[in-house]
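>>> coords please:
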Amino acid sequence: MCETTPFGTLEGLDIPLIRLREGDIQVELLPFGAAIRAIRVPDRQGRTTDICLGYDQVENYRDYDACFGGTIGRCANRIGGAAFTLDGRTYHLTANEGRNQLHGGAVGFHKKLWRFTCAPGAVTFLLDSPDGEEGFPGNLHAEVTYSLSGGTLTVDYRAVSDADTVVNLTNHAYFNLAGHDGGPVADHQLTVRAAAYTPAGDGNVPTGEILPVEGTPLDLRAGAVLGERLDDAFLAASRGYDHNYVLDQGTAAAAELWCPRTGIGLELHTTLPGMQLYTAGFLTERTGKSGVVYGPHHAVCLEPQFFPDAVNHDNFPSPVLKAGAEYHQTIRYRFFVR
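Now for the predicted structure:
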């Protein structure tokens, strides 16, 4: 089912909270940013646990960084030099992280108020991004549908443009399977099914290489406890994990996250070729839901995506959407307890 209740007011507009429920699982969504505000699932004792960081005031989603739970677009992650060339023309984008663009620019999709429609067990958010917004070509219509069924939250992305453009949509949920108030995630166990990654240089922009994870702390194919890796010198510059994985192709989950404190687990499946793993090393202290103070390493972000700066690397899967074609990608989160 889908239900709405008042959440707050932003620039004179009422912002509702939208809930999806199935059995003992509940998902809270906001039309501002088409964002996930909360995911509540039972732990091994049957206690309801909210496993996503978030805020109690809608203004915080507008004013703070970190993109809690937001839909990221028009292009997730970084575009080096805030520029790309498409069809022989160079487009100069809004640079909002040094000389680069991050997560769609100064006012990315996670800072937009989306329209929405509800259906049984699902809600669809809709957004129109005009030609030239943040420097991107084409009038883009984007839709994000969240549906809850069979213990799985599915996020379905669709978009169409009237001109060739770049599209790379994802969700930026911050997961803490001990609960949003669970503190550091050092005890979480993570498996990532990826034999390779894209190394990055200045500004965490990829060099264009694709290298094996073997022999590095990025090798999570057999699973690892995060706290045993976060202080590795290899990860010092990124204060833990902040890396794009080249996902193995197949039907298995791209990633699995599990917390021994609660027994709550999460499987991630996606149609996208990459995934940014971010362990929130740069998350500054801030007050979140119910007055809880969040800080560094209080969450794990699993962000399926086209590779960062893919539009500037011919050897990466292309994020170019041709005029009139449909962009369609999916993320599925399956929750379990053990």
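>>> who's in contact with Ser161?
Listed by C-beta atoms under 8 Å, 6 or more residues apart in numbering, the contact set of Ser161 reads 137-141, 167, 321, 323-324. The way it works is simple: take the backbone N, C-alpha and C, and place the C-beta from them, glycine included.
>>> What is the neighbour count of the closest residue to it other than its chain neighbours?
Nearest non-adjacent residue to Ser161, counting by C-beta to C-beta, 6 or more residues apart in numbering: Gly138, 3.8 Å away. Per other C-beta atoms under 10 Å, the neighbour tally for Gly138 reads 24.
>>> what's the answer for the one 4 residues further on, then?
Number of residues near Ala142 (other C-beta under 10 Å) recorded here: 24.
>>> Name the helix or strand for it, please.
strand 140-149 (DSSP states H and E).
>>> and if you look at Pro304?
strand 301-305.
>>> repeat for Glu267
Going by DSSP H and E, Glu267 is in strand 264-270.
>>> For Ile72, see how far away Leu13 is.
Distance from Leu13 to Ile72, counting by C-beta to C-beta, to the nearest Å: 22 Å.
>>> That should have said Gly227, apologies.
27 Å.
>>> Check Gln45 too.
Counting by C-beta to C-beta - Gln45 and Ile72 are separated by 34 Å.
>>> Have a look at those two and say which one is more surrounded.
Using other C-beta under 10 Å, the more surrounded residue of Gln45 and Ile72 is Ile72, with 24 against 9.
>>> Let's test this: what are the backbone torsions at the more buried one?
For Ile72, the backbone dihedrals (degrees, to the nearest 10) come out as phi -100, psi 130.
>>> Helices of the chain, start to end?
Listed in chain order, the helices of the chain (DSSP state H) span 58-63.
>>> Can you list the low-confidence ranges for it?
1 (pLDDT under 70).
>>> Go again with 90.
Confidence mapping of the chain against pLDDT under 90 gives the ranges 1-2, 250-252.
>>> So Gln329 sits against Ala159, correct?
No - counting by C-beta atoms under 8 Å, Gln329 sits too far from Ala159 to count as a contact (9.2 Å).
>>> which of those two has more neighbours?
Using other C-beta under 10 Å, the more surrounded residue of Gln329 and Ala159 is Ala159, with 23 against 20.
>>> For the more buried one, give me its contacts.
Per C-beta under 8 Å, 6+ apart, neighbours of Ala159: 140-143, 167, 169, 321, 326-327.
>>> Fine by me, thanks again.
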